[in-house]
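Asks: sequence and predicted model, in that order:
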Amino acid sequence: MSAQFIALATVLLVSAAHAADHVIVISVDGLRSEAIDIIINDDDGPNFERLQQEGVWTHDARTDYHYTRTIPNNVSIVTGRPVLLGEIEGHGWSKNSDPSPSDTLHNNKGSYVSSMFDISHDHGLRTSFHVGKEKLELIDESYDSSDGAFDQTGSDDGRRKIDVTVIEEGNAQAADLVNKFIEDLLDAPIHLAFIHLIDPDKAGHGDRWETDGYYDAVERVDTYLGQILQAIENNAPYTGNTTIILTADHGGDDISHADPDDRDNYEIPFYVWGTDVPAQGDLYSLNATTRVDPNNGRPPFALTNQPIRNGDTANLALDLLSLPPIPGSAINASQDLAVALLLDTNITISFNSNRQPVLNWAPGIPATVQISAPSMNNWQDAPSGTWPSTDGIWTDTASNIPRRFYRVSFD
């Protein structure tokens with residue numbers, strides 16, 4: 001057996017499918033993980049508790065390494081990139097002040113910064129963006145009809161990548177925004193939705209973090225979650241077809257969150273609830289081979305030993321929608337953040353008499369084989385197959401193939 005085939009035999013990846021028709025990304029401004037524990041312990045967080053009991057989550061996720069501020073981290077959430085340009089490509093937006101009308105992520109970086117909105121919209125899906133701070137209009141303006149990229153995928157869905165945008169400013173609470181968000185959800189199906197909840201940040205800057213006013217704000221976020229969950233469960237097409245990803249742009253300490261060295265600022269929650277997401281799953285346990293719980297630490301960006309970050313959100317959302325990762329992204333670019341338990345399928349890889357790789361798993365289980373080469377950044381459905389298949393076997397008939405990675409997703 002050649003060295004080439006030995007390499008192939010050692011790079012088999014198996015992932016549990018967790019496709020959804022709709023994904024809602026919730027970014028809670030200034031939400032500290034320990035605040036969720038406190039309101040649950042006081043019986044004031046029933047919806048956070050429900051997400052814990054019915055989904056997968058961690059309170060030990062991380063923000064961007066260098067910045068614990070609103071705009072830089074929300075841009076990371078939607079682009080899958082760290083902030084700083086460097087060895088690992090960043091999006092480059094470090095300012096947290098109001099952008100000028102001509103500012104975009106692209107002219108700031110000097111090249112186009114693709115986002116989860118690009119991928120979803122260009123594949124014909126409907127997107128939305130509801131935020132409670134006017135300065136986040138930077139994101140909407142970067143993907144409008146004049147600054148969004150030309151659609152190169154299938155039919156031309158236009159340059160504007162966000163179909164519904166609502167930007168509110170001056171409110172200390174997101175109650176009106178949530179009502180408008182639900183109204184827009186029910187008006188016409190939205191496949192990828194982003195909503196930014198402002199309450200904890202407003203309270204933290206006004207009353208200080210770790211005060212009654214702050215915890216009251218987190219309780220309001222729990223109420224908003226209840227409203228969104230009710231809308232999902234009581235209205236088609238969302239019922240049974242929707243996944244929520246909830247995280248934060250930063251935490252907070254005293255009246256600020258500017259110091260990226262302060263654990264109260266960089267430690268954040270990360271929750272996933274919905275379609276095919278197992279109950280009471282610990283995200284680090286599910287991702288023991290790809291993510292490392294940082295405990296009290298603040299690991300920098302690197303190619304290995306990474307924690308779960310808010311920047312994992314964009315490519316996870318796309319993976320849930322069965323879409324490819326964002327070109328040029330650096331966080332979860334392999335879409336290897338798992339939110340579902342692996343099936344016991346006893347998958348093997350072997351070689352037939354023609355020295356072709358053969359993947360085998362238990363027949364009767366619908367599955368899709370995907371290939372990426374020469375790295376794990378461009379997954380495509382394997383050729384010569386009708387997916388999903390219940391055959392339990394697939395043969396790579398290509399000859400003189402380069403180094404390849406395989407994964408089998410179960411539907």
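Replies: Noted; the coordinates are in hand. Numbers count the residues shown, from 1 in each chain.

Asks: let's check: the centremost residue of the protein is which one?
Replies: Nearest to the geometric centre of the chain sits Thr313, at 1.7 Å (C-alpha atoms, centre = their mean).

Asks: tell me the helix or strand right after the helix or strand hosting Lys202.
Replies: Using DSSP states H and E, Lys202 maps to helix 199-207. The helix or strand immediately downstream of helix 199-207 is helix 212-234, counting by DSSP H and E.

Asks: give me the nearest residue to Ile38, chain neighbours excluded.
Replies: Nearest-residue entry for Ile38: Tyr215, 6.1 Å, with adjacent residues in sequence omitted and distances by C-beta to C-beta, 6 or more residues apart in numbering. For glycine as for every other residue, the C-beta is placed from the backbone atoms N, C-alpha and C.

Asks: contacts only, for that neighbour.
Replies: By C-beta atoms under 8 Å, 6 or more residues apart in numbering, the contact set of Tyr215 is Ala35, Ile38, Ile39, Asp44.

Asks: 7 Å instead, please
Replies: Remark: with contacts taken as C-beta atoms under 7 Å, 6 or more residues apart in numbering, Tyr215 is in contact with Ala35, Ile38, Ile39.

Asks: can you point out the buried residues in stretch 216-233?
Replies: For stretch 216-233, a neighbour-count test (16 or more other C-beta atoms under 10 Å) marks 217-225, 228-229, 231-232 as buried.

Asks: where does pLDDT dip in the stretch 1-150 of the chain?
Replies: Applying pLDDT under 70 to the stretch 1-150 of the chain flags residues 1-18, 87-88.

Asks: what ranges do the helices span in it?
Replies: Using DSSP state H, counting those that start in this stretch, the helices of the stretch 1-150 of the chain run over 3-9, 33-41, 46-54, 70-79, 105-109, 116-122, 137-142.

Asks: adding distance to Asp264 and mean neighbour count, write those helices out as CSV.
Replies: Output for these, formatted as CSV (distance: least, C-beta to C-beta, whole Å; neighbours: other C-beta atoms under 10 Å):
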stretch, distance to Asp264, mean neighbour count
helix 3-9, 45, 13
helix 33-41, 8, 18
helix 46-54, 19, 17
helix 70-79, 15, 27
helix 105-109, 28, 17
helix 116-122, 28, 25
helix 137-142, 26, 22
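
Asks: where are the low-confidence patches of the stretch 201-350 of the chain?
Replies: Using pLDDT under 70, the flagged stretches of the stretch 201-350 of the chain are 341-345.

Asks: part of a helix, is Val178?
Replies: Yes. Val178: assigned to a helix according to DSSP: H, G, I helix; E, B strand; the rest coil.

Asks: list the contacts of it.
Replies: Neighbours of Val178 in contact, by C-beta under 7 Å, 6+ apart: Tyr224, Gln227.

Asks: His22 versus that one, what's the distance?
Replies: 17 Å (C-beta to C-beta, to the nearest Å).

Asks: mind telling me what element Gly364 is part of?
Replies: Assessed by DSSP H and E, Gly364 sits outside every helix and strand.

Asks: setting the sequence-adjacent residues aside, check what's closest to it.
Replies: For Gly364, the closest residue by C-beta to C-beta, 6+ apart turns out to be Thr390, at 5.4 Å.

Asks: would you agree the one you found is in contact with Ile365?
Replies: Yes. Thr390 lies in contact with Ile365 (C-beta atoms under 7 Å); the separation is 6.5 Å.
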